[in-house]
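>>> fold the stuff below for me.
(one chain, ligands or ions: 1)
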Amino acid sequence: MSVGGVTRFVVVGGGCSGMLVAAEITARWGDRGCEVVVVDPAETPGRGVAYATSSPSHLLNVPADQMSAHPDRPGHFAAWARRRDAGVGNHSFAPRMLYGDYLEDVWREAQQGALSVSSLAHRRTRAASVTPAQDGNTVHVGLEDGGCVDADYVVLAMGNLPPRAGAGLAPAMATSARYIGDPWRPGALDDVTGSVLLIGTGLTAIDTALALVERGIAGPIRAISRHGLLPRAHRPDAPAVHTAAAAPSERTVRSLIALLRGNPDTSGDWRRAIDEFRPHAAEVWRTMPEVERRRFLRHAARFWEIHRHRMAPEVADRVGNLIAASRLSVRAGAIEGYREVPGAIEVVIRRRRSAGREVISVSHVINCTGPQLRVSEAGDRLVDNLLAGGVVRPGPFDLGIDVAEDGAVIDAQGVPSPRIWSIGPLRRGVEWETTAVREIRSQAVSLAARLLAVEAPEQPPVRADAQDALPSRVLTTIANAIVSPGVERAGVVS
Ligand SMILES: Cc1cc2nc3c(=O)[nH]c(=O)nc-3n(C[C@H](O)[C@H](O)[C@H](O)COP(=O)(O)OP(=O)(O)OC[C@H]3O[C@@H](n4cnc5c(N)ncnc54)[C@H](O)[C@@H]3O)c2cc1C
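Coordinates of the predicted model:
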């Protein structure tokens, strides 16, 4: 129930997901009046983990014309970026830090666009607890700075869980200065010199290797994972496809693998086939039999990920050059043990399909296994409190939290909350493809519309990709300021 006619929202987490949904709620509420508070420790909402990097080597892994913050304005980011750097084309893979600047601009724009009856504010701390009040109408958000904010609705937007730093390591190793559990932590790579072992060979490992090379690291970089598979690259000559194919009729791992192998309807181009499949991914995942989803996670997820999340062509070239120059090596195998010795860490490695063991000596070991996926092992204060209080329950396969199709979180009793909602990577177990901007921006629009429908049921329903995602006044301001004619492309699916 709103207080004094003003509806109060707290968005926990101010990365791309939290910022976009907060902006969308503020715009959509229009002259109804709302107070939106984004709780996040960052200086300004928007960048989150992915776009807070200061490394120019870190590029988006999606072409500029697909990175708009607004599903209904496909050329928005590309046009904005060209105002900064005329060399950014529609199909360029722009620096991630530039994208972070863009998201901060979207945030400022949303604050300026808020009508006088509304406010969009940032509280620079972390949330420690989210507790529904007894009356069922209010939610208390406890903050790590000791404060508390009450809200009518809370959106959980905490993004990816931090990496499982130290998992499987002896306690002495996990606390060693030579072991870096989270390469995304600001300053994490500052003291790394000499030779390095990266645990993982995915996009996090690639980013870390490029950042180390940029810093002039002397020694070789080795990367190891169970399969030793690197992400595939985007094709330099062909833009990714935006259109949706017909939804696949089969809900089996076999049909997804066939998709990867190339569909004859798409001239056997697996990249195009995957891109065309994406708009259906959440629905296919939701309706896949449990046994098939389990099979996918056990046998196919790794292969899916390296084809689905591809390197920019420039990044693939740099990686190829580093490998050719023996500055980077990638191997398949398992780590069997670590030992810290003066000046180094000795790591025992068993190569894949080999009984033999090898001991390598490196100055640092960096955990590049990516975000922790299992919510019950999150080790995060807020997530642990939410689970312990029964406010949320783990999602399918312990991936993220359980949510209804509209994003309402489902509590320990299996009841969808009318007050607490979620967006982004936390929906992983339910939607699978829920981490990239393309999915997040659509979720932001449909969640804001859903919240308005809950609070003001007389409102007509609005589709996620509707042209009126923002009030026309804000749209006009943005259009005048940013978008040049001709950059929008018709028939694009977000
Ligand atoms: C390295 C990397 C590169 C990527 N590149 C691309 C790309 O090129 N294109 C693309 O489409 N997608 C990309 N992605 C996907 C990316 O996850 C999404 O684009 C998006 O950034 C996710 O945003 P988020 O807000 O959900 O999560 P996050 O970015 O993780 O942000 C979550 C925020 O919540 C805050 N938070 C967490 N817990 C609390 C708490 N208790 N209280 C308050 N705040 C809290 C965190 O501090 C953080 O600021 C990339 C992801 C990564 C990790």
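
>>> contacts and neighbour counts: CA atoms only from here.
Will do.

>>> what parts of this structure come near the ligand?
Taking C-alpha under 6 Å from any ligand atom as the criterion, the chain approaches the ligand at residues 12-18, 39-41, 48-50, 60-62, 126-128, 157-160, 382, 424-425, 435-438.

>>> show me what the helix or strand R83 falls within is packed up against.
Assigned by DSSP states H and E, R83 belongs to helix 76-84. Where contact means 3 or more C-alpha pairs under 8 Å, 6 or more residues apart in numbering; DSSP states H and E, helix 76-84 is packed against helix 96-113.

>>> show me which positions of the helix it packs on end up buried.
Within helix 96-113, the residues that count as buried by 16 or more other C-alpha atoms under 10 Å are 96-104, 106-108, 110-111, 113.

>>> closest one to the ligand out of those residues, please.
Within those, distances to the ligand taken as C-alpha to the nearest ligand atom reach their minimum at R96, with 6.9 Å.

>>> I'd say that closest one and H58 touch.
Yes: between R96 and H58 there is a contact at 5.9 Å, judged by C-alpha atoms under 8 Å.

>>> hang on, the earlier thing: quick one: distance of the helix holding R83 to the chain centre.
From the chain centre to the centre of helix 76-84 is a distance of 22 Å (C-alpha atoms, centre = their mean, to the nearest Å).

>>> just want the angle from it to helix 96-113.
Relative orientation of helix 76-84 versus helix 96-113 (axes from the mean of the first three to the mean of the last three C-alpha atoms, to 10 degrees): 100 degrees.

>>> residues of helix 76-84 that come out buried?
Under 16+ other C-alpha under 10 Å, the buried positions of helix 76-84 are H76, F77, A78, A79, W80, A81, R82.

>>> which ones are touching the residue of the stretch 251-400 of the chain found nearest the ligand?
Of all residues in the stretch 251-400 of the chain, L382 sits closest to the ligand, at 5.1 Å by C-alpha to the nearest ligand atom. By C-alpha atoms under 8 Å, 6 or more residues apart in numbering, L382 lies in contact with A127, A128, S129, V130.

>>> can you check H122 too?
H122 makes contacts with V37, V38, V39, D40, T44, P45, as judged by C-alpha under 8 Å, 6+ apart.

>>> thought A174 was touching G166, still the case?
Yes: counting by C-alpha under 8 Å, G166 does reach A174; the two are 4.7 Å apart.

>>> which neighbours do these two have in common?
G181.

>>> burial measure for the residue lying closest to G5 once chain neighbours are set aside, as a count.
Using C-alpha to C-alpha, 6 or more residues apart in numbering and skipping the chain neighbours, the partner closest in space to G5 is G33 (7.0 Å). If you count neighbours by other C-alpha atoms under 10 Å, G33 ends up with 20.

>>> and the gap between G33 and R8?
9 Å (C-alpha to C-alpha, to the nearest Å).

>>> which of the residues in the longest strand anywhere in the chain are buried?
Taking DSSP state E as the criterion, the chain has its longest strand at strand 328-341. Judged by neighbour count (16+ other C-alpha under 10 Å), strand 328-341 contains these buried residues: L328, S329, V330, R331, A332, G333, A334, I335, Y338, E340.

>>> dump the buried residues of helix 76-84 into CSV; add distance to R232 as well.
Output for the buried residues of helix 76-84, formatted as CSV (distance: C-alpha to C-alpha, whole Å):
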residue, distance to R232
H76, 27
F77, 25
A78, 24
A79, 28
W80, 28
A81, 26
R82, 27
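
>>> could you dump these to a markdown table with pLDDT?
Output for those, formatted as a markdown table (pLDDT from 0 to 100):
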| residue | pLDDT |
| --- | --- |
| H76 | 97 |
| F77 | 98 |
| A78 | 97 |
| A79 | 97 |
| W80 | 98 |
| A81 | 97 |
| R82 | 97 |
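
>>> most widely separated two among those?
The span of those, defined through C-alpha to C-alpha, is set by H76 and R82 at 10.2 Å.

>>> give me the three-state assignment for the residue most central in space within the chain.
Geometric centre of the chain, nearest residue: T435, 3.8 Å, by C-alpha atoms, centre = their mean. Assigned state for T435: coil (three-state reduction, DSSP: H, G, I helix; E, B strand; the rest coil).

>>> distance of it from G33?
Distance, T435 to G33, by C-alpha to C-alpha: 30 Å.

>>> just S446 next, same as before
Taking C-alpha to C-alpha, one finds S446 at 19 Å from G33.

>>> repeat that for L386.
29 Å.

>>> on that earlier part again, and the contacts of L382, which is closest to the ligand?
Among those, and counting by C-alpha to the nearest ligand atom, the member closest to the ligand is A127, at 3.8 Å.

>>> give me the distance between the closest one and P41.
9 Å.

>>> these two - which one has more neighbours?
Taking neighbours as other C-alpha under 10 Å, A127 and P41 compare with A127 leading, 26 against 17.

>>> torsion angles phi and psi at the closest residue to that one other than its chain neighbours?
Sequence neighbours aside, L143 is the residue nearest to A127 in space, at 4.3 Å (criterion: C-alpha to C-alpha, 6+ apart). Dihedral angles of L143 (phi, psi; degrees, to the nearest 10) stand at phi -110, psi 150.

>>> how about L143, what does it touch?
T125, R126, A127, A128, S129, V149.

>>> domain ranges for the chain?
According to automatic domain parsing, the chain comprises the domains 7-162+373-481, 165-232+311-368, 253-308.

>>> which one of the residues in the stretch 151-300 of the chain is closest to the ligand?
G159 (3.2 Å).

>>> so what's that residue up against?
G159 neighbours (C-alpha under 8 Å, 6+ apart): G13, G15, S17, G424, P425, L426.

>>> and the last one, how far from A300?
Okay, so that is L426. Computed as C-alpha to C-alpha, the L426 to A300 distance reads 21 Å.
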